[in-house]
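Colleague: structure for this input, please:
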Amino acid sequence: MAVRMSDVARAAGVSPMTVSNVINGHPNVRAETRLRVLACIAELGYQVNLAARYLRAGKTGAIGLVVPELDRPYFGQLASRLADGVERSGRHLMLERTGASREGELAAVSLGRLRMYDGVIVSVVGMNVSDLEQLSITAPTVLVGERAGPSSFDHVMMDSVGGAEVATRHLLATGARRIVLLGGRHSHRGVDMQSLRTRGYRKAHETAGAAVDERLVVPVESFDLPSGRETILQLAEAGVPFDAVFALTDVIAMGALRGLADLGLDVPRDVQIVGFDDIAECEYLVPRLTSVDPGNEATAETILGLLERRMVQKGVSI
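Modeller: Numbers count the residues shown, from 1 in each chain. Sure thing, here's the model as predicted:
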């Protein structure tokens, strides 16, 4: 037979309301009473029916985080920062992976899926502005990503152009003149991450009056460790000289470091390298990886602040 709240109250010698206050973390419960109730909950094996509670309150107790991949450090660390804030509000963060596809993102913001959450945070990679304009999303939603979205959405954007320009300008200032753009695009008119960071790279060269050797603008097969390493090795095998690398993400920068070591090149004496994202691992590499910090802590705080505001407007804030 299932243990009820009244059973816990009877065992602890308190009212059911006191048990409810302990479960919900209300501060107006004496410490000794709180400990006695918690001990009885553990002894009797009482389990809160969260589904019923949230159904009555019109809330689910969950925040959805929709990201392209789960095995990329940047998204893992973003999720960790967001989870800290979400859990402080008494909710839980639920992760969904889209595979960076338009179809995956559209499925994640479908009405049926959104009903699972009190609010949702979506990292937009595959969807375009037209897709977003046609969506009838009423759930509290915050978009994350480089490309601008419709004004009807709260959207936290990273300054990819400015960050790439700063990174390239730093390398140029140290005397580098043949800078590999690892993961770049030859066309930079798009609004995806690669195009925007390529734009910043070219802008820094233009400002400095330095020419860009198009052979140094090198796409990668994937933004992972093997691609960073293999691309550097292929560039060296092709006989293309370079004295610095600006990698569009820290992960491919880490792969590039491995490739440069395989070539017997010293960093930074022979080749300088800068990444982008400032993931935690940068500090522990040998040598430490210089990286563009896009404001990771501030980004997480802004996302949560905007989402909380939307949830208050919808009446689902705790």
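Colleague: which residues of the stretch 101-250 of the chain score low on pLDDT?
Modeller: Across the stretch 101-250 of the chain, the stretches falling below the confidence threshold (pLDDT under 70) are 111-113, 136.
Colleague: could you rerun that using 80?
Modeller: Applying pLDDT under 80 to the stretch 101-250 of the chain flags residues 108-115, 128-138, 146-152, 188-190.
Colleague: which residues in it form helices?
Modeller: Secondary structure of the stretch 101-250 of the chain by DSSP state H, counting those that start in this stretch: the helices cover 102-108, 111-114, 129-134, 160-173, 193-208, 225-237, 250-262.
Colleague: which of those is buried the deepest?
Modeller: The highest average neighbour count among the helices of the stretch 101-250 of the chain, using mean count of other Cβ atoms under 10 Å, belongs to helix 250-262 at a mean of 23. From N, CA and C alone the C-beta is placed, and that goes for glycine too.
Colleague: so what secondary structure elements neighbour it?
Modeller: Counting contacts by 3 or more Cβ pairs under 8 Å, 6 or more residues apart in numbering; DSSP states H and E, helix 250-262 packs against helix 73-88, strand 179-182, helix 225-237, strand 244-247, strand 272-276.
Colleague: only C-alpha atoms, please: export the longest one in PDB.
Modeller: Right, the one you point to is helix 73-88. What follows is helix 73-88, C-alpha atoms only, in PDB (Å, rounded to 0.1, in the frame of the first residue of the first chain):
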ATOM      1  CA  PRO A  73      32.400  20.600 -24.400                       C
ATOM      2  CA  TYR A  74      30.900  24.000 -25.100                       C
ATOM      3  CA  PHE A  75      27.300  22.700 -24.900                       C
ATOM      4  CA  GLY A  76      28.100  20.400 -22.000                       C
ATOM      5  CA  GLN A  77      29.500  23.300 -20.000                       C
ATOM      6  CA  LEU A  78      26.600  25.600 -21.000                       C
ATOM      7  CA  ALA A  79      24.100  22.900 -19.800                       C
ATOM      8  CA  SER A  80      26.000  22.700 -16.500                       C
ATOM      9  CA  ARG A  81      25.700  26.400 -15.900                       C
ATOM     10  CA  LEU A  82      22.100  26.500 -16.900                       C
ATOM     11  CA  ALA A  83      21.300  23.400 -14.700                       C
ATOM     12  CA  ASP A  84      22.800  25.200 -11.700                       C
ATOM     13  CA  GLY A  85      20.400  28.100 -12.100                       C
ATOM     14  CA  VAL A  86      17.400  25.900 -13.000                       C
ATOM     15  CA  GLU A  87      17.900  23.700 -10.000                       C
ATOM     16  CA  ARG A  88      18.000  26.700  -7.600                       C
END
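Colleague: that helix - contacts with which helices or strands?
Modeller: Packing contacts for helix 73-88, counted by 3+ Cβ pairs under 8 Å, 6+ apart, involve strand 62-67, strand 92-97, helix 250-262, helix 296-314.
Colleague: how about these in JSON lines, adding distance to residue 195?
Modeller: Listed next are the helices and strands packed on helix 73-88 as JSON lines, based on distance: least, Cβ to Cβ, whole Å:
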{"stretch": "strand 62-67", "distance to residue 195": "20"}
{"stretch": "strand 92-97", "distance to residue 195": "23"}
{"stretch": "helix 250-262", "distance to residue 195": "16"}
{"stretch": "helix 296-314", "distance to residue 195": "21"}
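Colleague: for those, which one sits closest to residue 218?
Modeller: Closest approach to residue 218 among the helices and strands packed on helix 73-88 is made by helix 250-262 (10.2 Å; Cβ to Cβ).
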